[in-house]
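# Predicted coordinates and the sequence they were generated for:
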Amino acid sequence: MDKDMKVLMVSDMVMHGGAIHTRFLSEELKKKGVGVDIVSYSNPPEAGIKTWCIPSLSVPFVFYKICTNKNMFFKLIKESEPSIIHMHYCAGNMELSISKIKRLKIPVVGTAHISPGGDRLIDKVIAFYFRRFLSRELKVSDKVICVSRYVEKKLNGIGIYNTVVIPNGVNQDVFFRVDSARSVLGIPETGFVLLYVGRLSPEKGVTLLLKAFRRLRIRNKRLYIIGSGPLSNLCRMYSRLDSRVVFVGKVKNSELRLYYSAADVTVVPSLWSEAFGMVLIESMACGTPPVASCVGAVPELVNNGCNGFLVRDISPRGFAKKIEEAETADLKKIGERCRDFVKKGFTWDEIARQTLRVYICLLYTSDAADEGLGVD
């Protein structure tokens, strides 16, 4: 492979899915001899890759961050001297600069971490943003990577066809089964443990889960809630009113794998159209089956009764019924299938290989690629 290849990642290093994708993809690309720099709206949580932070303002809804100095952004592009620019949608308004970036004669690849689909208000706002603003930038991109077939289908539906599907990955050196997890965390060995991991916001369905938990006819049950967001105070209130509900807050990945391992199931009660679902594969890597809403790309990852449980009746009653079904299933066997499923196609090494093939196809002719520009 060409040792002079240089990639400039443009991503917010705080947003969960996009930040994880950028970090681990960058690390794997570096292992393969690719130079990587990052331009971010926020300081990265990990060191090791040169990262520039640009001034920004936080705003609600579609734009997570607004770059307040685009001249600085283009100055950083010139300073980095990349062979290719890799944008991660949707982090902020820098992704609306692709047409201008293309004037610099630098190939642009994008990864779509969200999709223009679904019936919730937030889905409709995102769909409007895609159709009105982002679609023209995606069309002039050299390639748009979709994290699921669902995202690709939705982008094709608004006239964007320069797409390829490459899913998110999971670091299996970070997320793996820990058999002693309950003992380490001080969770009783007996009882049925449910886990929620994610942003505590309306579209993620955490209030639906709390209502479903009250309906469960499972004795000796506990619910652990990990995350933060606008509904944090509500979750704390539930913790005070019901000792079986434990609000944990944010935790590091090393502790998060313990909670995944300690849980009988991880509940993903999303109300909006998930473009992928990082929590699903993190939980599976730890051998814990997910009980998840049948929305967006979730059915691509969860095979009902095989490596998890799909909830089609997305209501407190529907989730309670499916959780009770899971409680009577052979969760150990299902958990083994979960780990096998993740190992086969969701390693960051494999994701980096697929992404690198995209770069090579854009930067070199097929003849050159055949002569040794591989990804080994």
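Great, that's in hand. It should be emphasised that the depicted structure is a prediction, and the values quoted were computed from it without experimental measurement.
# Ignoring the adjacent residues along the chain, who's closest to Leu234?
Thr207 (7.0 Å; CB to CB, 6 or more residues apart in numbering). (Glycine included, C-beta is placed from N, CA and C.)
# Downstream of the host helix or strand of that neighbour, the next helix or strand is which one?
Assigned by DSSP states H and E, Thr207 belongs to helix 206-215. Counting by DSSP H and E, the next helix or strand C-terminal to helix 206-215 is strand 221-226.
# who does that following strand pair up with?
strand 192-197 (parallel), strand 245-249 (parallel) (DSSP bridges).
# Select from the ones you listed the stretch with the lowest mean pLDDT.
Among the strands paired with strand 221-226, strand 245-249 carries the lowest mean pLDDT, at a mean of 94.
# If you count neighbours, what's buried in that strand?
Residues of strand 245-249 classed as buried by neighbour count (16 or more other CB atoms under 10 Å): 245-248.
# Equivalent analysis for stretch 32-40, please.
32, 34-40.
# From these, which land in strands?
Among those, the members found in strands (DSSP state E) are 35-40.
# Phe73: which of these is nearest?
Nearest to Phe73 among these: Val39, at 6.6 Å, using CB to CB.
# Which residues does the closest one form beta bridges with?
Here Val39, judged by DSSP bridges, has bridge partners Val10, Trp52.
# So for the helix holding Thr207, mean pLDDT?
Here the average pLDDT along helix 206-215 is 95.
# Stretch 9-23 too?
Model confidence over stretch 9-23, given as mean pLDDT, is 75.
# Could you number the chain from 56 rather than 1 from now on?
Sure, I'll start counting at 56 from here, so that last one is stretch 64-78.
# so how far is the first residue of it from its last?
Start and end residues of stretch 64-78 are separated by 10 Å (CA to CA, to the nearest Å).
# and if you look at stretch 295-314?
Across stretch 295-314, first to last residue, CA to CA, it's 20 Å.
# Distance from the chain centre to the helix or strand Lys208 falls within, please.
Using DSSP H and E, Lys208 maps to helix 204-212. Remark: helix 204-212 is offset 17 Å from the chain centroid, using CA atoms, centre = their mean, to the nearest Å.
# isn't Val357 right up against Val366?
No - judged on CB atoms under 8 Å, Val357 makes no contact with Val366 at a distance of 9.7 Å.
# Could you write out the alpha-carbon coordinates of the helix holding Thr262 in CSV?
Taking C-alpha atoms only, helix 261-270 is exported to CSV below (Å, rounded to 0.1, in the frame of the first residue of the first chain):
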residue,chain,number,x,y,z
VAL,A,261,-35.9,5.5,28.0
THR,A,262,-39.3,6.7,29.4
LEU,A,263,-41.0,3.8,27.5
LEU,A,264,-38.6,1.4,29.2
LEU,A,265,-39.3,2.8,32.6
LYS,A,266,-43.0,2.2,32.0
ALA,A,267,-42.4,-1.3,30.7
PHE,A,268,-40.3,-2.1,33.7
ARG,A,269,-43.2,-1.3,36.0
ARG,A,270,-45.4,-3.8,34.0
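# Buried residues, that helix. List them.
For helix 261-270, by 16+ other CB under 10 Å, it's 261-265, 267-268.
# Low-confidence regions, the chain specifically.
56-58, 68-72, 97-102, 112-124, 145-148, 420-431 (pLDDT under 70).
# Mind doing that once more with 50?
117, 421-428 (pLDDT under 50).
# hey, what's in contact with both of Val357 and Val366?
By the contact definition CB atoms under 8 Å, 6 or more residues apart in numbering, Val357 and Val366 are jointly contacted by Ala347.
# how many degrees apart are the strand or helix carrying Ala74 and strand 90-95 in direction?
Using DSSP H and E, Ala74 sits in helix 71-86. Counting by axes from the mean of the first three to the mean of the last three CA atoms, to 10 degrees, helix 71-86 lies at 160 degrees to strand 90-95.
# Buried residues in helix 71-86, which are they?
Judged by neighbour count (16+ other CB under 10 Å), helix 71-86 contains these buried residues: 72-84.
# Closest to Ala381 out of those?
The shortest approach to Ala381 among the buried residues of helix 71-86 belongs to Gly72, at 24.8 Å (CB to CB).
# just to revisit the earlier point, for the helix holding Thr262, the distance to its chain's centre please.
With CA atoms, centre = their mean, you get 24 Å for helix 261-270.
# do stretch 251-267 as well
Per CA atoms, centre = their mean, the centroid offset for stretch 251-267 relative to its chain is 17 Å.
# Now do that stretch: everything it contacts.
71, 175, 177, 249, 278-287, 289-290, 293, 300, 311, 314-315, 321-327, 334, 337-338, 348, 369-375, 378.
# so what's Ser196 up against?
142, 153, 163-165, 217.
# Tell me the one of the buried residues of strand 300-304 nearest Thr343?
Val303 (15.6 Å).
# where do the helices sit along the stretch 156-305 of the chain?
Along the stretch 156-305 of the chain, counting by DSSP state H, counting those that start in this stretch, helices occupy 176-184, 190-195, 204-212, 236-240, 261-270, 287-296.
# May I see the buried residues of the first one?
In this case it means helix 176-184. Quick answer for helix 176-184 (16+ other CB under 10 Å): 177-178, 181-182, 184.
# which among those gets closest to Cys361?
Asp178 (27.8 Å).
# I'd say the closest one and Trp327 touch.
Yes - using CB under 8 Å, Asp178 makes contact with Trp327 at a distance of 5.3 Å.
# Regarding stretch 393-411, how distant is the last residue from the first?
End-to-end for stretch 393-411, by CA to CA: 27 Å.
# any residues touching that stretch, and which ones?
Under CB under 8 Å, 6+ apart, the answer for stretch 393-411 is 56, 79-80, 82-84, 86-87, 89, 164, 200, 221-227, 232, 336, 338-340, 342-344, 362-363, 430.
# if we can go back for a sec, can you redo the ones in strands among the buried residues of stretch 87-95 as CSV with distance to Glu405?
Formatted as CSV, these follow (distance: CB to CB, whole Å):
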residue, distance to Glu405
Gly90, 21
Val91, 18
Asp92, 23
Ile93, 22
Val94, 26
Ser95, 25
